[in-house]
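Enquirer: Below: sequence and its predicted model.
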Amino acid sequence: MACTEAYKEHIMYSFNGFCKVVIRYAAINAWRDRNRRRQKEISFEYLTEEKFYPLSTSDEYFKSPYEQYPVTICGQTIILTNGELAAALLSLPERKREIIYLYFFGNYTQQEIGKIYGRCRSSMCYQLHSALQMLQEEMEVLLHGEY
């Protein structure tokens, strides 16, 4: 189908009209967004003069260091910064504490811990899992006060 000159001119006028409508509505939307934002914004001058809000803050992180909770396991003293964790760890039986210490703080493998206690690796895996479950239950009791 051959395009006539009148058809091409019609397409051009239609496209120009479409572009003008799109640009006009984009400008209207931008104007509305700017007005909405302007209604919600408050200048810093107003905040400092009227309400005396400080424009800065100080960090308390380095001023108050964490409390330290020393826990002794296997003759080694560990410094913990979480009091609930320290209390929960101390409430575990001695052997469970030692297994947790050797695995997480001593970087022993389950097989090496098993050799220390004369057990196989799978038994130590079960013992470690059971110790962590007991620790989790103790933490829940300490944090939430319920069981």
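Expert: Cool, the structure landed.
Enquirer: Quick one: residues in contact with stretch 125-143.
Expert: 84-85, 87-89, 91-92, 95-97, 99-100, 103, 110, 113, 119, 146-147 (CB atoms under 8 Å, 6 or more residues apart in numbering). The C-beta positions use only the backbone N, C-alpha and C, and glycine is treated the same way.
Enquirer: same thing but 10 Å
Expert: Outside stretch 125-143, the residues that touch it by CB atoms under 10 Å, 6 or more residues apart in numbering are 82-85, 87-93, 95-104, 110-111, 113-114, 117, 119-120, 146-147.
Enquirer: which of the residues you listed count as buried?
Expert: Buried members of those, scored by 16 or more other CB atoms under 10 Å, are 85, 87-89, 91-92, 96-103, 110, 113-114, 119.
Enquirer: Which ones among these lie within strands?
Expert: Using DSSP state E, no member of the buried ones among the contacts of stretch 125-143 sits in strands.
Enquirer: Now, these that are in helices?
Expert: Here DSSP state H is the test, and those give 85, 87-89, 91, 96-100, 110, 113-114 as lying in helices.
Enquirer: Format the residues you listed as CSV; extra columns: pLDDT and distance to Ser14.
Expert: Shown next, in CSV, are those (pLDDT from 0 to 100; distance: CB to CB, whole Å):
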residue, pLDDT, distance to Ser14
Leu85, 88, 72
Ala87, 90, 77
Ala88, 90, 75
Leu89, 91, 77
Ser91, 91, 80
Lys96, 93, 80
Arg97, 92, 81
Glu98, 92, 83
Ile99, 92, 79
Ile100, 91, 76
Gln110, 91, 75
Ile113, 92, 80
Gly114, 92, 82
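Enquirer: Among these, give me the pair with the biggest separation.
Expert: Ala87 and Gly114 (28.5 Å; CB to CB).
Enquirer: report the longest helix in the chain, please.
Expert: helix 5-40.
Enquirer: any weak-confidence spans in the chain?
Expert: 1-2, 43-65, 146-147 (pLDDT under 70).
Enquirer: switch the cut-off to 90
Expert: Where the chain drops to pLDDT under 90, the residues are 1-4, 36-86, 104-107, 139-147.
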